[in-house]
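>>> next come a sequence and a model predicted from it.
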Amino acid sequence: PDIGVAAPRIEPGVLPALGLSWSCCVNTRLMLSRWEEPVIFPIQTRMEVAAAHYEDVEHQTQTRRSMVVAFAPHLEADTSCLYQITNAGFVGIQG
């Protein structure tokens, strides 16, 4: 539906995802990224996981997410953090 808001010009593969209320925050741009990363198990844990009959111990992955400040008047450019989405919401993590 047409709500009278022009779509921003962005590079291919980048989608606005925070909704209309955040799109009105014109002086701040946050770039959110998500990727899969292999999980590295210690040897003992790997043996325990294999004993529990998980077939793909070597191919376990976890989703990693990052947020980068593209621009904001009150934050330094390219400031970033890792985060995860839990039942409690958006939570920063050590990386």
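Looks like it arrived, so ask away. Everything numeric here is computed off the predicted structure, so don't read it as measured data.
>>> which secondary structure elements does the helix or strand containing Glu36 contact?
Applying DSSP states H and E as the criterion places Glu36 in strand 29-38. Counting contacts by 3 or more C-beta pairs under 8 Å, 6 or more residues apart in numbering; DSSP states H and E, strand 29-38 is packed against strand 61-71. Placement of C-beta: from N, CA and C, glycine included.
>>> quick check: chain neighbours aside, which residue is closest to Glu37?
Excluding its sequence neighbours, the residue lying closest to Glu37 (C-beta to C-beta, 6 or more residues apart in numbering) is Arg64, at 4.9 Å.
>>> could you give the bridge partners of that neighbour?
Here Arg64 sits in beta bridges with Trp35, as judged by DSSP bridges.
>>> before we move on, what about Met31?
Bridge pairing for Met31 - DSSP bridges - gives Val68.
>>> returning to what we had before: so who does the residue nearest to Glu37 touch?
By C-beta atoms under 8 Å, 6 or more residues apart in numbering, the residues touching Arg64 are 34-37, 82.
>>> which of those residues scores worst on pLDDT?
Among these, Glu37 carries the lowest pLDDT, at 86.
>>> so what's the residue count around that one?
9 (other C-beta atoms under 10 Å).
>>> one step back: show me which pair in the contacts of Arg64 is furthest apart.
Glu36 and Leu82 (14.2 Å; C-beta to C-beta).
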